[in-house]
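**Q** Build me a model from this:
(2 chains)
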Amino acid sequence: MKRNKIIDILSAETTGSRITVMGWVRTRRESKGGFSFIEMNDGSCLSNLQVIVDDKLENYETEVRNLQTGCSIRVIGTLVASPAKGQSIELQAEEIEVYGWADPDTYPLQKKRHSFEFLRTIAHLRPRTNTFGAVARVRNAMAFAIHTFFQKRGFIYVHTPIITGSDCEGAGEMFRVTAFDLENVPKKNGETDFEKDFFNQPAGLTVSGQLEAEIYALSMGDVYTFGPTFRAENSNTSRHLAEFWMVEPEMAFCDLEGNIDLAEAFLKYLFDDLLKNCEEDLAFFNRFIDSSLLETLKTLISEKYERLDYTEAIKILSKSKQKFEFPVHWGCDLQSEHERYLTEKVFNKPVVLTDYPREIKPFYMKVNEDGKTVRAMDLLVPKIGEIIGGSQREDDHDMLLERLKETNLPPEDYWWYLELRKFGSAPHAGFGLGFERLIQFVTGLSNIRDVMPFPRTPGNVSF
RNA sequence: UCCCCGGUAGCUCAGCUGGUAGAGCAGGUGGCUGUUAACCACCUUGUCGGCGGUUCGAGUCCGUCCCGGGGAGCCA
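**A** The predicted structure is shown next:
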């Protein structure tokens, strides 16, 4: 089945050629002048192709007049200049074949706006809408740009495991992976006997590929992972999913500053790539979702991101006249309201916060010489909050051991992680970027469930 | 998990202090038109989220459960 894609047809704008187009009917309007206008879309781009169907076609009365939103068709015809406003070219149909009907009495999508809440209940049909088609293309473009960015810089793409025996940060509820018959779980002294399970030990779905990425960084230099991660947290917000994708670069012979430099260059590259390659979809989001989107993205490419350490941030927050629900003091974890105040009120651009108190950050972050803070960095953007979190890693064996103990993690579980600091240890750093939060940010969509094709949240695994 | 708001036609919603349901869109029919979220006229459509209670009477009040949204916590 050879077909021409609408994106190519519309960008070439060559009339006279005979082409074959396949896609789905968005709308059909009838003219008593003896023809129909069909708007068809094939997913290749946001724009529809206007098809003119003359009533002289043999199946005009029997089929064409019954075409409704959602039907799939093949059109063979000739491209001609359009005499009316709204489009420069259109397809004069010579033959129309209907592949599949969509009964308007039961087809849920109509040629009108639907609420995102409703569309979530029909995730199998929502990519046929303008918004979700655009999201799918932007997601694709961003995934491709992520690989391109790292490949251009010589980073090695490492496939870290999905099923893991280690619970990375000692935090974040893991989904359990088991081959047990749940009706009949083997017990030993009253407790589950994991030695009898598939892996002879407890296993789960990964919450991060970072620790494994560090292994490869400390042999390959610059590496990155890009894959799904899972959190069994019962969090019900517009920014959390139980299954989401994360990008995690990890670099040997790199400190915190180099890490921040990469993060900033990374985001700027992605935004720039998007403006160049997804112009039409971005214009759509700018028009219907967030009218400041294009301006924001352009600003983020040109502006230097604000960098300040945690201690300074606390000073700014305590001096401000803003009333916070959670009072600020040195040592406290920053709340959403504090982050938003810094990004939206104080600086009005992305802010990179560094050097947090060691008590509120994970064990693997490098402890500073002051002994009180760690080489952590959070990249905060307006509205979304934290989009990137990273750190320079602790490369001193004894300090890492001390940190494991003080956070109540069993060092024996991290024996291989400790050995990386025993044999040829090197300064290294990396960060994680939540892919869906990035897509949220660049589309302006407020709910993360609308940027994931099939979102998994507490109580929801449909589709 | 906590706090707030909501669940009424296929979709988006209105329905005041309790009296037994309505508008737009969609769909059908007709008209008009190189139309473009077309337009005009007429017509069809509801266990008012579930269960229980108060009342002569509940979409409306009370209880409870389920689902959705916003915010918080946790985080990416």
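**Q** tally of neighbours for A:Glu359?
**A** Using other CB atoms under 10 Å, A:Glu359 has 12 neighbouring residues. Any C-beta I mention is one placed from the backbone N, CA and C, and that applies to glycine too.
**Q** Secondary structure element for the residue in chain A that RNA strand B sits nearest to, which one?
**A** As assessed by CB to the nearest atom of the strand, RNA strand B sits closest to A:Gly86 within chain A, at 2.4 Å. Here A:Gly86, judged by DSSP states H and E, is contained in no helix and no strand.
**Q** give me every residue that touches the nearest residue to it once chain neighbours are set aside.
**A** In space, not counting the residues next to it along the chain, A:Gly86 is nearest to A:Gln50; the distance is 7.6 Å by CB to CB, 6 or more residues apart in numbering. The contact partners of A:Gln50, taken as CB atoms under 8 Å, 6 or more residues apart in numbering, are A:Phe37, A:Ile38, A:Glu39, A:Ser82, A:Gly86, A:Gln87, A:Glu90, A:Leu91.
**Q** neighbours of the third one, just the number please.
**A** Summarising burial for A:Glu39: neighbours were counted as other CB under 10 Å, giving 19.
**Q** tell me the pLDDT at it?
**A** Listed pLDDT for A:Glu39 reads 91.
**Q** which SSE is it in?
**A** Residue-wise, A:Glu39 maps onto strand A:35-41 under DSSP H and E.
**Q** Is the helix or strand following that strand in proximity to RNA strand B?
**A** Downstream of strand A:35-41, the first helix or strand assigned by DSSP H and E is strand A:49-54. Yes: using CB under 7 Å from any atom of the strand, strand A:49-54 reaches RNA strand B at A:Gln50, A:Ile52.
**Q** I'd like the next helix or strand past strand A:49-54.
**A** Taking DSSP H and E, what comes next after strand A:49-54 is strand A:72-81.
**Q** Which residues does that next one contact?
**A** With CB under 8 Å, 6+ apart as the test, strand A:72-81 has contacts from A:3, A:9, A:14-25, A:38, A:40, A:51-52, A:67, A:88-100, A:102.
**Q** swap the cut-off to 7 Å and go again
**A** By CB atoms under 7 Å, 6 or more residues apart in numbering, the residues outside strand A:72-81 that reach it are A:9, A:14-22, A:24-25, A:40, A:51, A:67, A:88-100.
**Q** Check the average confidence over that strand, would you?
**A** On average, strand A:72-81 scores 94.
**Q** any weak-confidence spans in chain A?
**A** Applying pLDDT under 70 to chain A flags residues A:167-172.
**Q** the strands in the stretch 301-450 of chain A, which residues?
**A** A:306-309, A:351-357, A:373-381, A:385-392, A:428-434 (DSSP state E, counting those that start in this stretch).
**Q** Starting from the last one, tell me which strands it pairs with and how they run.
**A** Translated: strand A:428-434. Counting by DSSP bridges, the strands paired with strand A:428-434 are strand A:243-252 (antiparallel), strand A:385-392 (antiparallel).
**Q** possible to save the ones you listed as TSV with distance to A:Ala283?
**A** Listed next are these as TSV, based on distance: least, CB to CB, whole Å:
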stretch	distance to A:Ala283
strand A:243-252	25
strand A:385-392	23
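**Q** Adding distance to RNA strand B and mean neighbour count, write the ones you listed out as JSON lines.
**A** Output for the strands paired with strand A:428-434, formatted as JSON lines (distance: least, CB to the nearest atom of the strand, whole Å; neighbours: other CB atoms under 10 Å):
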{"stretch": "strand A:243-252", "distance to RNA strand B": "4", "mean neighbour count": "23"}
{"stretch": "strand A:385-392", "distance to RNA strand B": "4", "mean neighbour count": "22"}
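**Q** So for A:Met174, which of those sits nearest?
**A** strand A:243-252 (12.6 Å; CB to CB).
**Q** what does the stretch 101-250 of chain A put close to RNA strand B?
**A** A:104-105, A:108, A:110-115, A:117-118, A:120, A:169, A:171-172, A:208, A:231, A:233-242, A:244, A:246.
**Q** Now, of these, which are buried?
**A** Buried by 16 or more other CB atoms under 10 Å: A:Arg120, A:Glu169, A:Ser208, A:Arg231, A:Arg239, A:His240, A:Leu241, A:Ala242, A:Phe244, A:Met246, out of those.
**Q** just checking, which of those belong to strands?
**A** Taking DSSP state E, the ones among these that sit in strands are A:Phe244, A:Met246.
**Q** What about the buried ones among the residues of the stretch 101-250 of chain A next to RNA strand B, which are in helices?
**A** If you go by DSSP state H, these have A:Arg120 in helices.
**Q** List just the nearest of the buried ones among the residues of the stretch 101-250 of chain A next to RNA strand B to A:Thr443.
**A** A:Arg239 (13.8 Å).
**Q** What is the distance between stretch A:385-399 and the centre of its chain?
**A** Between the centre of stretch A:385-399 and the centre of its chain there are 22 Å (CA atoms, centre = their mean, to the nearest Å).
**Q** I'd like to check what contacts that stretch. Which residues are they?
**A** Residues contacting stretch A:385-399 (CB under 7 Å, 6+ apart): A:214, A:255-256, A:259, A:263, A:336, A:339-340, A:364-367, A:374-381, A:400, A:403, A:418, A:421-422, A:425-434, A:437-438, A:441.
**Q** do the same with stretch A:214-232
**A** So stretch A:214-232 is contacted by A:146, A:150, A:153-158, A:160, A:162, A:172-175, A:205-209, A:213, A:242-252, A:393, A:420, A:426, A:428, A:430 (CB under 7 Å, 6+ apart).
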